[in-house]
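[1] Fold the stuff below for me.
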Amino acid sequence: MYLKRCAVSLVFAVATTTSSLAVAGNDRAPRVPTFALNGDLAGELQVHTTRYEDTFAELGSDLALGYLELVKANPGVDPWLPGDGSVITLPRMYVLPDARREGIVINLAEYRLYYYTEGGVQVYPVGVGREENPSPLTDAEVTMALESPAWYPPASIRASYEASGEYLPRMIPPGPDNPLGTHALMLSEKGYLIHGTNKRFGVGMPVSAGCFRMYNDDISRFVYQVQKGTSVQVVREPVKIGLSGGEVWLEVHRPHEDYSPEDRDRLWQAVLERLESFRQQHPDVEMQRHSIELVVDQADGIPTMIGERLTQMASDQTRSERVPEEAAEPEQTLYF
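    Have a look, this model is predicted:
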């Protein structure tokens, strides 16, 4: 069985897995926690103390976080030399994407994959397609789990190598030089995979030709959890808003490490549109503009509370029935 294409301009072929794939991975626990859902919110912010030799790229690989999400969550910290003893934020708190809460949901705008289980949700960083070869927005499903895939580069890629004086063989076998990494999930969206990588740097960034890259340490566990037929929704939501315990939370993601005025203007417009839609669905909420502006100014991907739901407290009908009407206390309405 061979897969003929992976994204717009890249051709891959992969070896099928053995029949013992699922059995072999039963004891491989995920590196990331399963967070309980709290309304539209999940997870919690965490902190980590760095060592002198740490970089965000290495920390991301070790802690199952993306490079860009670490950079955005820690403004003012040098990602290549954070320093010994620096306390950095691990952005493991999430407003859930506006999609069905089942199976796999990939949000291209935040470079994250959400995997819903019976116990909650697991969140993984993923590399997605570059601007010239974007990942597809789709509603697909997993068709097969793959172990030790081989890469068959297309003629166009091999020709580009030859033009630059380099040689690229017709097949890259499993191993350290294979760009598909150690494992992969084949999708019903023809030509696209969720796969590992032979590069530690790039997960959690727009780096691929359309497929979805995970750390080998993550995908090598993840493939054993996911069943054939699992839904895979791919969305693009740089602005997420939700309710948790009567509180309104907003999460905004800038697309790059740098934050240009053009990107800010686009995000501000997206926030206004999303807020208007949210208000129509929840007319009983009150939001603070200053908090919203601060979230957009930072666009750091960290959820922030921007308002609350107004709650009306009904009078005690039982007590009203016991007390004569002229002696009953007036009904009180409390707003929060």
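[2] dump the residue contacts of the closest residue to Pro79 other than its chain neighbours.
    Ranked by CB to CB, 6 or more residues apart in numbering and with sequence neighbours excluded, the top spatial neighbour of Pro79 is Phe56, at 3.8 Å. Where C-beta positions appear, they are placed from N, C-alpha and C, glycine not excepted. Applying CB atoms under 8 Å, 6 or more residues apart in numbering to Phe56 gives the contacts 67, 70-71, 74, 79-80, 82.
[3] same check, this time on Met205
    66-68, 111, 127-128.
[4] Looking at the contacts of Phe56, spot the one nearest Ser220.
    Tyr67 (20.0 Å; CB to CB).
[5] doesn't Pro79 make contact with that closest one?
    Yes. Here Tyr67 reaches Pro79: they are 7.3 Å apart, a contact under CB atoms under 8 Å.
[6] So for those two, which residues contact both of them?
    Common neighbours of Tyr67 and Pro79 (CB under 8 Å, 6+ apart) are 56-57.
[7] Which of these two has more residues huddled nearby?
    Tyr67 (26 against 18; other CB atoms under 10 Å).
[8] Can you give me the distance of that one to Glu286?
    37 Å (CB to CB, to the nearest Å).
[9] thinking again about what came up before, in strands, which of the contacts of Met205 appear?
    Val128 (DSSP state E).
[10] any chance you could map the helices in the chain?
    Here the chain has its helices, by DSSP state H, at 21-24, 56-63, 67-73, 155-163, 216-222, 261-281, 289-298, 317-322.
[11] Which among these is found nearest to Asn178?
    helix 216-222 (10.4 Å).
[12] Just give me how far that closest one sits from the chain centre.
    16 Å (CA atoms, centre = their mean, to the nearest Å).
[13] what sits up against it?
    So helix 216-222 is contacted by 25, 28-32, 61, 64, 115, 124, 181-185, 194-197, 214 (CB under 8 Å, 6+ apart).
[14] now the contacts of Phe56: which count as buried?
    67, 70-71, 74, 79, 82 (16 or more other CB atoms under 10 Å).
[15] Which one of those is nearest to Glu273?
    Of the buried ones among the contacts of Phe56, the one sitting nearest to Glu273 (CB to CB) turns out to be Val71, at 26.6 Å.
[16] How about the contacts made by Ala184?
    14, 145-146, 149, 193-196, 219, 223.
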